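Enquirer: with the input below, show me the fold.
(one chain, ligands or ions: 1)
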Amino acid sequence: MRKVRMVVDVLGLVDRVTLLPIDAADPNDPLPQQNPLGKYPCLLRADGTAVYDSSVILEFLQLVAGTDRLLPLDGPQRIDMLTRTRLADGIIDAGALVIYEERYHDAAMRSKTWLEHQRSKIGRALAMFEAAPPDPRRTDAVSIGLACALGFLDRRQPVAWREACPGLVHWLASFARNEPAFDRTRPPDA
Ligand SMILES: N[C@@H](CCC(=O)N[C@@H](CS)C(=O)NCC(=O)O)C(=O)O
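Expert: Numbering: from 1, shown residues only. Model prediction:
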């Protein structure tokens with residue numbers, strides 16, 4: 001997942017992390033043995049133990065890098081930032097449910113109500129970020145999470161967000177100018 005690749009990049013850990021391909025559709029893929037939920041990203045430590053999900057991996061990588069520059073280790077700001085990181089992650093989670101519904105159900109079997117339910121979550125979360133975007137000059141857990149969520153929406157198109165959120169269009173362009181790790185971690189098909 002791009003968020004973890006960005007965290008690895010901005011914390012200067014590229015030489016210490018090996019990316020392994022996964023195939024979620026392959027029953028012999030080792031991922032479900034590492035993370036019983038069968039979800040990625042999943043980080044394997046040197047001793048073979050697994051760390052997931054992406055937010056926990058971010059905290060682990062901060063510890064490894066000996067910094068708190070992406071997320072404060074304590075204090076009220078930590079709670080605000082964690083909440084906003086979950087809001088950004090939730091955009092991807094709801095977007096993935098839209099995509100899975102469209103991928104795994106024929107058109108006649110799809111639930112319009114379910115799709116609308118998930119799209120409304122994305123819409124409300126985007127509206128909240130549109131009203132109060134992070135500082136695009138700062139790279140932290142929230143801005144990384146939001147940039148990756150918007151990149152995901154651009155790539156997979158579960159909703160058309162750009163027309164509805166001109167402020168976030170501008171925010172993403174500014175953030176990408178300030179943080180080159182965003183472009184460096186662009187998926188090959190994006
Ligand atoms: N909130 C989790 C989301 C993880 C997630 O849903 N990953 C997707 C890929 S983006 C996945 O593993 N999908 C396969 C599946 O759910 O079986 C995180 O941030 O790590």
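
Enquirer: all helices for the protein, in order.
Expert: With helices called from DSSP state H, the chain shows them at 2-10, 31-34, 54-65, 76-104, 112-131, 141-156, 166-178, 181-184.

Enquirer: domain map for the protein?
Expert: 2-65, 76-183 (automatic domain parsing).

Enquirer: how about a markdown table for the helices of the chain, with mean pLDDT added?
Expert: Listed next are those as a markdown table, based on pLDDT from 0 to 100:
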| stretch | mean pLDDT |
| --- | --- |
| helix 2-10 | 98 |
| helix 31-34 | 95 |
| helix 54-65 | 98 |
| helix 76-104 | 97 |
| helix 112-131 | 98 |
| helix 141-156 | 98 |
| helix 166-178 | 98 |
| helix 181-184 | 98 |
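
Enquirer: for these, which one sits closest to the ligand?
Expert: For the ligand, the closest of those is helix 54-65, at 3.4 Å, according to C-beta to the nearest ligand atom. In short, each C-beta sits where N, CA and C put it, glycine included.

Enquirer: how long is stretch 46-62 end to end?
Expert: 16 Å (C-alpha to C-alpha, to the nearest Å).

Enquirer: ok so, going back, could I get the domains of the chain as JSON lines with mean neighbour count and distance to the ligand?
Expert: Converted to JSON lines, the domains of the chain look like this (neighbours: other C-beta atoms under 10 Å; distance: least, C-beta to the nearest ligand atom, whole Å):
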{"stretch": "domain 2-65", "mean neighbour count": "15", "distance to the ligand": "3"}
{"stretch": "domain 76-183", "mean neighbour count": "17", "distance to the ligand": "5"}
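
Enquirer: hmm, back to that, so for residue 45, which of the helices of the chain sits nearest?
Expert: Residue 45 lies closest to helix 54-65 among these, at 8.0 Å (C-beta to C-beta).

Enquirer: so who does the residue lying farthest from the centre of the chain touch?
Expert: Centroid-distance maximum for the chain: residue 108 at 30.5 Å, with C-alpha atoms, centre = their mean. Listed by C-beta atoms under 8 Å, 6 or more residues apart in numbering, residue 108 has no contact partners.
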